[in-house]
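**Student:** Structure of the sequence below:
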Amino acid sequence: MTAERLSSGDHNLDAILGGGLLTHSITLLAGAPGSGKTILAQQYVFHNAAGERPAVYLTTVSEPLDKVLRYGQTMDFFDPKAVGRTVFYEDLGQPLSADGLAGVLDRIDTVIREHRPGIIAIDSFKALRSYAAADGEFRRFLHSLASRLSAFPSTSFWIGEYDVGEQTTAPEFAVADAIVSLSSQQPDQRELRVLQVHKLRGSSFQSGKHAYRLSGHGIEVFPRLADVGRSVGYALDSERVSSGIPALDTMLRDGFRPGTATLVAGPTGSGKTLTGLHFIFAGARRGEPGVIATLQENPTQLERVARGFGWSLTDDKVELLYRSSVDLYVDQWVYELLATVERAGARRVLIDSLNDLAFAAGDQMRYREYLYSLVQRCSRGGVSLLMTYELADLYQSERLSEFGISRAADNVVVLQYLRRRSGLKRTLTVLKTRASMHEPEVREFVIAEEGIVLGDPVSADGSAP
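**Tutor:** Numbering: from 1, shown residues only. Below is the predicted model of the structure:
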């Protein structure tokens with residue numbers, strides 16, 4: 001027998017919860033002030049309230065009823081016509097002040113008789129604890145309340161401003177069937193909101209911290225993109241994928257293998273973005289849709305660069321996904337990218353650049369996890385990925401990349417500068433091709449009207465070998 005689930009109205013959050021919260025359960029929503037607990041609870045209320053099974057939202061002393069209603073009305077999911085018909089708001093402040101916890105139980109008994117609700121939310125539940133004379137009294141109150149809610153039965157939400165330490169000491173955490181916490185982290189100057197499921201009786205769920213954002217639509221969650229290893233194989237095309245640079249294809253023994261990830265690393269101005277554009281527009285000429293995911297150049301700047309070499313972002317086989325790295329949620333961005341790839345039927349993707357992605361992620365382990373997962377998903381879908389990475393050193397870099405980026409790539413192409421008396425020359429080296437042969441020589445290249453043109457091999461001092 002399949003257990004009935006309660007949807008949040010957000011597909012991603014339901015997926016984290018194994019399909020949604022189990023009905024006829026008690027869910028504790030914990031978090032700091034402003035984390036979105038009340039928004040999430042009301043989102044559940046309006047998404048699930050029905051005439052035969054209405055929802056009742058009960059406020060206590062720390063969440064005044066008029067405040068909850070005032071801010072709730074600003075949300076898209078708030079339906080004024082539902083209030084008084086399928087959604088009922090009541091204030092427990094008066095019975096709580098007059099008769100304490102016993103008054104709360106009496107009022108909840110009345111609410112159940114009058115409305116026979118499918119959902120009961122109590123906000124703030126933590127505030128009730130201060131009305132107990134001793135821990136024993138509060139525990140007896142919890143037992144009585146849980147018994148009532150289970151006997152009816154209804155799905156309940158207990159909302160409170162609990163900190164992490166209280167999860168092991170507060171008795172309501174032991175009574176709850178599900179525990180969902182909302183919190184904020186601040187890597188550098190950014191704020192990252194994270195949702196975590198700590199407990200979900202009778203169901204599996206996705207572990208870890210999942211980013212979320214609050215908007216007029218409610219809560220939008222971006223599940224942790226943890227791509228676990230799969231033992232099941234998958235087929236890839238055997239035809240090689242052109243880099244768009246004929247001489248580089250020769251060095252790669254006829255181009256890249258399809259579905260592989262290529263890292264193009266080099267100092268500023270060395271031609272990384274241009275290499276990526278060659279890759280995308282070579283695919284477009286073959287009828288292969290491509291996506292340019294740029295965190296560097298805005299569309300106007302990138303169009304100017306593309307037109308300088310005879311390309312255009314208006315090509316119907318090329319889709320641009322531009323986001324500024326200043327206020328970027330990596331979690332949101334990667335889901336937008338995957339959705340764009342699926343919608344466009346893309347076979348090639350350019351990410352420009354990984355430095356900006358790492359800056360936006362803030363956390364090294366989180367960044368590595370997302371990069372690995374993205375590479376794996378593209379590989380399984382037969383999507384060829386090219387990523388750019390800026391090296392700090394202009395000449396003869398001794399370290400390729402941080403955070404193990406090069407290990408995630410199947411192919412590594414390094415662009416560098418070499419000094420010579422008359423100025424600088426640009427060089428290109430294929431450092432790595434996984435499961436394939438390549439020519440490991442350093443070759444000079446120039447940027448001409450047609451783009452990157454490779455020249456003769458050079459030695460480390462810049463002379464012809």
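**Student:** Now tell me what touches the helix or strand bottoming out on mean pLDDT in the chain from outside.
**Tutor:** Sorted by mean pLDDT, DSSP states H and E, the helices and strands of the chain end with helix 405-408, the least confident at a mean of 73. Helix 405-408 is contacted from outside by 261, 263, 265, 354, 368, 371-372, 375, 387, 389, 400, 412, 432, using CB atoms under 8 Å, 6 or more residues apart in numbering. Placement of C-beta: from N, CA and C, glycine included.
**Student:** Let me know the next secondary structure element after that helix.
**Tutor:** Where DSSP states H and E defines the elements, the next helix or strand beyond helix 405-408 is strand 411-420.
**Student:** Past that next one, which element shows up next along the chain?
**Tutor:** Beyond strand 411-420 in the direction of the C-terminus, DSSP H and E gives the next helix or strand as strand 423-433.
**Student:** got the angle between that following strand and strand 411-420?
**Tutor:** Counting by axes from the mean of the first three to the mean of the last three CA atoms, to 10 degrees, strand 423-433 points 160 degrees away from the direction of strand 411-420.
**Student:** Please identify the buried residues of the following helix or strand past strand 423-433?
**Tutor:** Towards the C-terminus, the helix or strand next in line after strand 423-433, according to DSSP H and E, is strand 442-448. Under the neighbour-count criterion of 16 or more other CB atoms under 10 Å, strand 442-448 has 442-445 buried.
**Student:** and the direction of whichever helix or strand comes after strand 442-448 versus that of strand 442-448, what angle?
**Tutor:** Per DSSP H and E, strand 442-448 leads on to strand 451-457 as the next helix or strand towards the C-terminus. Here strand 451-457 runs at an angle of 150 degrees relative to strand 442-448 (the same axes, to 10 degrees).
**Student:** Give me the below-cutoff pLDDT ranges for the stretch 251-400 of the chain.
**Tutor:** Judged by pLDDT under 70, the stretch 251-400 of the chain has its weakly predicted residues at 396-400.
**Student:** any chance you could map the strands in it?
**Tutor:** Secondary structure of the stretch 251-400 of the chain, counting by DSSP state E, counting those that start in this stretch: strands at 261-266, 290-294, 318-322, 348-352, 384-390.
**Student:** list the helices and strands the longest one packs on?
**Tutor:** Spelled out, it's strand 384-390. For strand 384-390, the elements it packs on are strand 261-266, helix 272-285, strand 348-352, helix 354-361, helix 364-380, judged by 3 or more CB pairs under 8 Å, 6 or more residues apart in numbering; DSSP states H and E.
**Student:** give me that answer again for 6 Å
**Tutor:** The criterion is 3 or more CB pairs under 6 Å, 6 or more residues apart in numbering; DSSP states H and E, and the helices and strands that strand 384-390 contacts are strand 261-266, helix 272-285, strand 348-352, helix 354-361.
**Student:** Paired strands for the shortest one, with orientation please.
**Tutor:** For strand 348-352, the paired strands and their directions (DSSP bridges) read strand 290-294 (parallel), strand 384-390 (parallel).
**Student:** what's in contact with the first one?
**Tutor:** In this case it means strand 290-294. Residues from elsewhere that reach strand 290-294, judged by CB atoms under 6 Å, 6 or more residues apart in numbering: 280, 283-284, 318-322, 337, 340-341, 346, 348-352.
**Student:** Select only the buried ones of those residues in PyMOL?
**Tutor:** Isolation of the buried members of those (16+ other CB under 10 Å) is achieved in PyMOL through the command below:
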select buried, resi 280+283+284+318+319+320+321+322+337+340+341+346+348+349+350+351+352
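**Student:** just to revisit the earlier point, got a markdown table for the helices and strands packed on strand 384-390, with distance to V111 too?
**Tutor:** Below are the helices and strands packed on strand 384-390 laid out as a markdown table (distance: least, CB to CB, whole Å):
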| stretch | distance to V111 |
| --- | --- |
| strand 261-266 | 57 |
| helix 272-285 | 60 |
| strand 348-352 | 53 |
| helix 354-361 | 46 |
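**Student:** Pass me the low-pLDDT residue ranges in the stretch 1-150 of the chain, would you?
**Tutor:** Looking at the stretch 1-150 of the chain by pLDDT under 70, you get 1-2.
**Student:** show me where it has helices.
**Tutor:** Under the criterion DSSP state H, counting those that start in this stretch, the stretch 1-150 of the chain carries helices at the ranges 11-16, 37-48, 65-72, 93-115, 135-151.
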